[in-house]
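A.B. asks: The sequence and its predicted three-dimensional model are supplied below.
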Amino acid sequence: EKELNRTMCSFLNRCGYEAVGALNANEAYDEMYGQMFDLIISDIMMPRMDGFEVTNLVRHHDVHQDLPIIMITSRTGEKHRERAFSLGVTHYMGKPFQEAELLSNVENLLETSMG
């Protein structure tokens with residue numbers, strides 16, 4: 001997962017985005033207090049706190065509650081997908097993700113959220 005995180009951040013940085021990675025969900029959530037973000041990309045399976053918990057915390061955070069959230073996960077079953085959307089995930093992608101699809105989703109969500 002650490003390598004995927006680094007690879008995804010590197011890819012997004014090469015595409016002109018400023019991507020910040022986190023080693024686990026707690027670190028990611030802590031990062032939100034010091035910075036403004038335009039979008040969150042998360043996995044379901046993470047150490048200490050899962051992506052569902054992170055999504056729930058983001059949706060109840062005054063500043064970040066409306067951020068688009070892309071969930072990228074190997075858990076592609078309908079049960080996980082439905083739970084993710086019920087908690088407020090904006091887009092759900094399976095692993096392994098395709099870079100072109102990820103980039104397209106990032107661009108579309110940022111365009112929509114920023115008007």
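C.D. replies: Yep, that arrived.

A.B. asks: measure the residue most central in space within the chain to K79 for me?
C.D. replies: Geometric centre of the chain, nearest residue: I41, 1.5 Å, by Cα atoms, centre = their mean. Plainly put, I41 is 21 Å away from K79 if you go by Cβ to Cβ, to the nearest Å. C-beta: built from backbone N, CA, C; applies to glycine.

A.B. asks: quick one, what contacts D38?
C.D. replies: L67, P68, L110, S113, M114 (Cβ atoms under 8 Å, 6 or more residues apart in numbering).

A.B. asks: wait, which of the residues you listed is closest to C15?
C.D. replies: C15 lies nearest to L110 out of the contacts of D38, by Cβ to Cβ, at 11.5 Å.

A.B. asks: check which helix or strand covers that closest one.
C.D. replies: helix 99-114 (DSSP states H and E).

A.B. asks: What of F37?
C.D. replies: Per DSSP H and E: nothing holds F37, as it lies in no helix or strand.
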